[in-house]
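Novice: A predicted structure for the sequence below; I have some questions about it.
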Amino acid sequence: MCVSCGCGAPNDAHGDPSHITMNDIQAAASAAGISPQEVADNIKAAV
């Protein structure tokens, strides 16, 4: 899914770069040296 809206299209930002996609999650994980799941967990904890 576009992780921010839950549409079921993991890398579709719907023409708006403000939406979070799996590509964003994967890039953040790579930059931090952690897994995409850890990124998701960290986002959830921050919210």
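Specialist: Structure received.

Novice: contacts only, for Ala40.
Specialist: If a contact means CB atoms under 8 Å, 6 or more residues apart in numbering, then Ala40 has Val3, Ile25 as its contacts. C-betas here are computed from N, CA, C, even on glycine.

Novice: which strand or helix spans it?
Specialist: Element membership for Ala40, per DSSP states H and E: helix 36-46.

Novice: phi and psi next, for Ala27.
Specialist: phi -70, psi -40 (degrees, to the nearest 10).

Novice: same check on Ala28?
Specialist: According to degrees, to the nearest 10, Ala28 has phi -70, psi -40.

Novice: how near is it to Ala40?
Specialist: Ala28 is 10 Å from Ala40, where distance means CB to CB, to the nearest Å.

Novice: and Asp12, by the same measure?
Specialist: Taking CB to CB, one finds Asp12 at 18 Å from Ala40.
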